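> need a structure here:
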Amino acid sequence: MGFARQNIARSATKMGRTQTGCKNMACVFVDCFAGISGDMFLAALIDAGAPAEALLTGLRTLPLHGWDLQIARVRKGALAATSVTVIVDHHHHHHRHLADIERLIAASQLPDPVKGQSLAVFRLLAEAEAKVHGISVDEVHFHEVGAVDSIVDIVGAVYALYLLGVQSVYASALPFSHGRVQTAHGELPVPAPATLELLRGVPTYPLNVDAELVTPTGAALLKGLAKSFGTPPPLTPQRVGYGAGKRDLPFPNVLRVILGDAPEALPLERERLMVVETNLDDMTGELAGFVMERLLEAGARDVWLTPAQMKKNRPAVILSVLCDAPALPTVLRLLLTETTTLGVRVQEMERWCLPREMWEVATPYGTVRVKVARWGDAIVNLAPEYDDCRRRAAQHGVPLKEVMVAAIVAARQRLSPAGR
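Have a look, this model is predicted:
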């Protein structure tokens, strides 16, 4: 999901960017230092240049009645910001199921990418609500979320990104506040259960504020649209927008969006990994080998030893571990209990890598898996799986290198002329 993941090629439409005069902004970084809600996201994008007139023209093709959008300039603490409020005729304010919202969005004249992304966000919300209440997705009644104002907030934010030409969305880690919030289900803890369900896998940090900073709508928008969470991507900032929240906090209650031009897109995958290291000058080789095996069994991506010379001229090794963030506690426990170290160093690193896939190829010695790496459409590397080759070599009593060569030959035979 997300504009970044779909890499949508948008054509100009009657309500498209050709009428807005906006330059394409390759990416946007959503800085959630005060949290995020649907109306804050929409307001920030308008503040950054999303054309309000074109936005309203598109939103009014939704078969919704009795609403209007109020846009105002306000101050939150020391910062000026844009505020949006959906004014709703209460005669048209009622609850809806997901199927009702899907029909509303499908019946609009909005561009297909906007419809698809808006529906994806609502489905995320429905799945979260269904899980926390123990019911099916079809049984979910959207209360606050299904109201007209929230439909306008979600669809409006997605359409604003489209009008600005945003192709990739990135977001900061989200603040984890505390307290209670009143909902249609009564008083609930902060973050609300549906919000917390949506935040699974999203990095957060504690913020000692007694207020709901991240709403279910805001969490769903980021979960559905953001390519990654954490540090900003490489970009040249061109526009900045501030969207105001409704309550007053000890700090400016605004959401900041930074729109900019990204460097030429590389056909690589980007991820954040942890590197854990410790220097060891008093541990035997047997212990080193054992802990390496334990670390790999525990989910480490890689483990390696580097010779080093330490103080007092002691020969030593640097034990390094590459792992995903969820595996860090296990890696720390193993290093501190299975080695002689008293402490470790931890760094978060950015890793860029070629997209890869696994092929199974037939060789004279049996089936062998081959890892295939691509640069765009071109295959640039073929790597037979060592364990498969070792097993086949042992079965047939042939040198390992013969099996590996046979696997590469078989893989090359599968390549089309364009893929060579």
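> Could I get the CA-only coordinates of the biggest strand by length in the chain as CSV?
Taking residue count as the measure and DSSP state E as the definition, the longest strand of the chain comes out as strand 269-280. As requested, C-alpha coordinates have been extracted for strand 269-280 and formatted as CSV (Å, rounded to 0.1, in the frame of the first residue of the first chain):
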residue,chain,number,x,y,z
GLU,A,269,15.5,-1.7,-1.3
ARG,A,270,16.1,0.4,1.9
GLU,A,271,15.8,-0.8,5.4
ARG,A,272,16.9,0.0,8.9
LEU,A,273,19.0,-2.6,10.8
MET,A,274,20.9,-2.8,14.1
VAL,A,275,24.6,-3.4,14.3
VAL,A,276,25.8,-4.7,17.7
GLU,A,277,29.5,-5.0,18.5
THR,A,278,31.8,-5.9,21.3
ASN,A,279,35.6,-6.3,21.7
LEU,A,280,36.7,-9.6,23.1
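> Partner strands of it, with direction?
When sheet partners are counted by DSSP bridges, strand 269-280 sits next to strand 314-323 (antiparallel), strand 345-353 (antiparallel).
> Compare the mean pLDDT across the ones you listed and name the weakest.
When the strands paired with strand 269-280 are compared on average pLDDT, strand 345-353 comes out lowest at a mean of 93.
> who touches residue 408 in this structure?
Contacts for residue 408 were tallied using Cβ atoms under 8 Å, 6 or more residues apart in numbering; they are 370, 382, 384. All C-beta spots, glycine's among them, are computed from the backbone N, C-alpha and C.
> What sits closest to the residue nearest the centre of the chain if chain neighbours are left out?
Centroid-nearest residue in the chain, with Cα atoms, centre = their mean: residue 228, separated by 3.2 Å. Distance criterion Cβ to Cβ, 6 or more residues apart in numbering; nearest residue to residue 228, sequence neighbours excluded, is residue 170 at 5.7 Å.
> ok, which stretches of the stretch 1-150 of the chain are strands?
Using DSSP state E, counting those that start in this stretch, the strands of the stretch 1-150 of the chain run over residues 27-31, 67-76, 79-88.
> where are the low-confidence patches of the protein?
In the predicted model of the chain, residues 1-25, 90-95, 141-146, 185, 265, 416-420 satisfy pLDDT under 70.
> can you list the domains in it?
According to automatic domain parsing, the chain comprises the domains 3-7+24-261, 269-353, 356-419.
> Please work out which of those domains is packed deepest.
Mean neighbour counts were compared across the domains of the chain using mean count of other Cβ atoms under 10 Å; the top stretch is domain 3-7+24-261, at a mean of 19.
> how far out from the middle of the chain is it?
The chain centroid and the centroid of domain 3-7+24-261 are separated by 15 Å, computed with Cα atoms, centre = their mean, to the nearest Å.
> shift numbering so it begins at 689
Okay, using 689 as the starting number, the last item reads as domain 691-695+712-949.
> in this structure, which spans are helices?
Assigned helices in the chain, in chain order: 691-694, 726-735, 740-747, 786-794, 800-821, 836-851, 881-886, 904-913, 973-985, 1016-1026, 1074-1084, 1088-1102 (criterion: DSSP state H).
> Now do the last one against helix 1074-1084, angle only.
This means helix 1088-1102. Here the directions of helix 1088-1102 and helix 1074-1084 differ by 120 degrees (axes from the mean of the first three to the mean of the last three Cα atoms, to 10 degrees).
> same question, the fifth one
Note on geometry: by the same axes, to 10 degrees, helix 800-821 and helix 1074-1084 are set 80 degrees apart in direction.
> For helix 800-821, which helices and strands make contact with it?
Counting by 3 or more Cβ pairs under 8 Å, 6 or more residues apart in numbering; DSSP states H and E, the packing neighbours recorded for helix 800-821 are helix 691-694, helix 786-794, helix 836-851, helix 881-886, helix 904-913.
> out of the ones you listed, nearest to residue 773?
Set against residue 773 and scored by Cβ to Cβ, the helices and strands packed on helix 800-821 come closest in helix 836-851, at 8.1 Å.
> what sits opposite the closest residue to residue 990 other than its chain neighbours in the beta ladder?
Residue nearest to residue 990 in three dimensions, not counting chain neighbours: residue 1010, with 4.4 Å by Cβ to Cβ, 6+ apart. Beta-bridge partners of residue 1010, counted by DSSP bridges, are residue 963, residue 990.
> Distance check, residue 1010 against residue 933.
Look at residue 1010 and residue 933: by Cβ to Cβ, to the nearest Å, they are 39 Å apart.
> who's in contact with the closest residue to residue 1059 other than its chain neighbours?
The shortest distance from residue 1059 to any residue other than its chain neighbours is 4.4 Å, reached at residue 1071 (Cβ to Cβ, 6+ apart). Contacts for residue 1071 (Cβ under 8 Å, 6+ apart) come out as 1058, 1059, 1061.
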